[in-house]
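[1] Sequence and computational prediction follow.
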Amino acid sequence: TCPSLRITRYMDVLTDPIYLDRHEAYMTQEDEDPDSEELIRSNPKPQLQVDYDIVLSPTYQVPVLYFALRWLHQNGPVGLDAVYQYLVPEQYQTQVKSVGVMGGISLGYHPDSGTPAFFVHPCNTADAMAQVADAQSITPGTYLLIWLGLVGHCVNLHIPRELVASGPALSNDPLDKKTLKNEK
């Protein structure tokens, strides 16, 4: 078991084709006295649950963002197409898809649960973090906030402003340039 941090988000998805098909079919029905309570129960809005896990990679010695998506109120797998449709903001899609041979988002096994999960590939993390944080000594908490700012945006995980404004409270011991370079 690796040390990890889980963040769970629920997303209303109003553009889901299954939902739109069901909603359109319902709207064309001519039921004179529909029971509004029944409508709410039988036709819930589609929601995605996204579980983000930050795990320290034993191979790369950097944090890795794993995430799994699942539909609430519907069965069925959520594939890579849904990741790009619902999580990766449009302005990042081309860049994320062009990283490496298979793109910056891969599917693998979660290191703790052993279940299939998507992850943002960590191969360039050490270089990116060294470029961003090379001019300063930073605490592990600040490192994690910077990393999450870099990696999280590409899968719609954003740091709350309150957290950034209050500063990290994880540790006061600075990471020096030598530590950052040893992560490579």
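    The structure has been received and is ready for your questions.

[2] And the strands in the chain, which stretches?
    4-12, 47-56, 63-72, 105-109, 116-120 (DSSP state E).

[3] can you redo the ones you listed as JSON lines with mean neighbour count and mean pLDDT?
    Backbone N, C-alpha and C define where each C-beta goes, glycine included. As requested, the strands of the chain are exported to JSON lines (neighbours: other Cβ atoms under 10 Å; pLDDT from 0 to 100):
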{"stretch": "strand 4-12", "mean neighbour count": "12", "mean pLDDT": "88"}
{"stretch": "strand 47-56", "mean neighbour count": "19", "mean pLDDT": "92"}
{"stretch": "strand 63-72", "mean neighbour count": "20", "mean pLDDT": "91"}
{"stretch": "strand 105-109", "mean neighbour count": "14", "mean pLDDT": "91"}
{"stretch": "strand 116-120", "mean neighbour count": "20", "mean pLDDT": "93"}
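
[4] Would you convert these into TSV that also reports distance to residue 148?
    Formatted as TSV, the strands of the chain follow (distance: least, Cβ to Cβ, whole Å):
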stretch	distance to residue 148
strand 4-12	9
strand 47-56	7
strand 63-72	8
strand 105-109	16
strand 116-120	11
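
[5] Ok, which of those strands comes nearest residue 133?
    Closest to residue 133 of the strands of the chain is strand 63-72 (Cβ to Cβ; 13.4 Å).

[6] Run the angle between that closest one and strand 105-109 for me.
    Here the directions of strand 63-72 and strand 105-109 differ by 80 degrees (axes from the mean of the first three to the mean of the last three Cα atoms, to 10 degrees).

[7] If I take strand 63-72 and strand 116-120, what angle do their directions form?
    If you take the same axes, to 10 degrees, strand 63-72 sits at 130 degrees to strand 116-120.

[8] Show residues contacting strand 63-72.
    10, 44, 46-57, 78, 82-83, 86-87, 110-111, 115-120, 122, 125, 144, 147-148, 151-152, 155, 157 (Cβ atoms under 8 Å, 6 or more residues apart in numbering).

[9] ok, now stretch 151-162?
    Contacts of stretch 151-162 (Cβ under 8 Å, 6+ apart): 7, 9, 50, 52, 63, 65, 67, 83, 86-89, 92, 95-96, 104-105, 120, 125, 145, 148-149.

[10] Go ahead and confirm residue 84 touches residue 92.
    No: at 9.6 Å, residue 84 and residue 92 do not qualify as touching, with contact defined as Cβ atoms under 8 Å.

[11] Residue 118 contacts residue 105, doesn't it?
    Yes: Residue 118 is within contact range of residue 105, at 5.6 Å (criterion: Cβ under 8 Å).

[12] What are the boundaries of the helices in this protein?
    Along the chain, counting by DSSP state H, helices occupy 17-28, 36-42, 80-82, 90-97, 125-133, 140-152, 161-166, 177-182.

[13] Mean pLDDT lowest where, among the ones you listed?
    Note on the helices of the chain: helix 177-182 shows the lowest mean pLDDT, a mean of 41.
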